[in-house]
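1. Okay, predicted coordinates and the sequence, questions at the end:
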Amino acid sequence: MINANIGDIRQASKYLLDEIGFRPEIGIALGSGWGGLLVDVKDAKYIDYAKTPHMKRSTVQGHAGKWVFGEVAGKKIVAMSGRLHFYEGYSLQDVTFPIRVMKEMGVQKLILTNASGAVNTSFNPGDLMLITDHINMTCANPLVGANCDEMGERFPDMTRVYSRELLDIARKVSDEMNFPVKEGVYMWLLGPSYETPAEIRMARILGADAVGMSTVPEAIVAKQMKMKILGMSCATNMAAGILDQPLSHKEVLDTARRIESDYRKYLYNVIKAI
Ligand code: HPA
């Protein structure tokens, strides 16, 4: 098995570029809570994942499964409305295929957004956390397999996955808007079951501020391809065991809906500034 099929990636990229007629410079994966951005996309063109050669479609409620091409704050962007998760049963090659396709289309800067459970007890539901680093708790890695050398190195460095330059810009936008953001380490767990309270205590001891089921595989391949990555997480709920109540996908979606318009403005200004 090879860890990326360059023929498939090029074919998908060519299909999309032929459909839209421009090369996007910024790519954005929109997680739960982040879909408000779509309102700001000028001359938006939607393309179903299902129509894209070799691409799988998302099965999760709240994840649409469409590419969105257009302009935001004068920048040419491609957004993923809905992403693929490992827990849906896809291979990590399938999960990260769209990131490879974005790079092939010309995307240099990648904004990865998600929803997470807050492990850090100083956070509140609805807080935005800039991701400064991550912990991969799945023991799975999208680069497993014979290496496709055209995509990047066999043993890519992960010292600085999340671009300092983009983090600084995101901090500055937060200051300028008077929209406070937190910062911290995101831990990727497989899901789809939520964590147990014991797992959340473990996550905290290991240095996590938030836990979630996405983003890290995309960040690993993007870093391998030398993209500049900005990671942003919406802490939709306190992680398991912090409050005396069960977790639910409904709570995640309710918080996501509540913060959507604030996050929309913030993301717009970040895109404008990068
Ligand atoms: N755990 C894992 N993933 C999540 C959570 C959580 O508490 N909330 C939103 N995504």
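-> Perfect, thanks for sending it.

2. Name the residues of the stretch 1-150 of the chain found near the ligand, please.
-> By the rule CB under 6 Å from any ligand atom, the part of the stretch 1-150 of the chain lying against the ligand is Ala115, Ser116, Gly117. C-beta coordinates here come from the backbone N, C-alpha and C atoms, glycine included.

3. Does the first one touch Ala256 like I think?
-> Yes - under the contact definition of CB atoms under 8 Å, Ala115 touches Ala256, with a separation of 6.1 Å.

4. in the host helix or strand of Leu17, what's buried?
-> Element membership for Leu17, per DSSP states H and E: helix 6-20. The neighbour-count check on helix 6-20 (16 or more other CB atoms under 10 Å) flags Asp8, Ile9, Gln11, Ala12, Ser13, Tyr15, Leu16, Leu17, Ile20 as buried.

5. Identify the residue spatially nearest to the second one, adjacent ones excluded.
-> Pointing back at Ile9 there. Arg100 (4.7 Å; CB to CB, 6 or more residues apart in numbering).

6. cool, and the third one?
-> Nearest residue to Gln11 in three dimensions, chain neighbours excluded: Pro53, at 4.9 Å (CB to CB, 6+ apart).

7. Could you list the low-pLDDT ranges of the stretch 101-250 of the chain?
-> Within the stretch 101-250 of the chain, no stretch falls below the threshold (pLDDT under 70).

8. Tell me which residue of it lies closest to the ligand.
-> Gly117 (2.1 Å; CB to the nearest ligand atom).

9. any idea how far that residue lies from Asp262?
-> Separation of Gly117 from Asp262 (CB to CB, to the nearest Å): 19 Å.

10. re earlier: what about the helix or strand following the helix holding Leu17, distance to the chain center?
-> Scanning forward in sequence from helix 6-20 by DSSP H and E, the next helix or strand is strand 26-30. Distance of strand 26-30 from its chain centroid, counting by CA atoms, centre = their mean, to the nearest Å, is 7 Å.

11. who does strand 26-30 touch, helix- and strand-wise?
-> strand 75-81, helix 92-105, strand 109-118, helix 249-273 (3 or more CB pairs under 8 Å, 6 or more residues apart in numbering; DSSP states H and E).

12. Now do the first one: everything it contacts.
-> Residues outside strand 75-81 that contact it (CB atoms under 8 Å, 6 or more residues apart in numbering) are 16, 22-30, 35, 37-38, 41, 46, 63-71, 98, 102, 105, 107, 271-272, 274.

13. tilt between that strand and strand 26-30?
-> Strand 75-81 and strand 26-30 are oriented at 20 degrees to each other (axes from the mean of the first three to the mean of the last three CA atoms, to 10 degrees).

14. No more questions from me, cheers.
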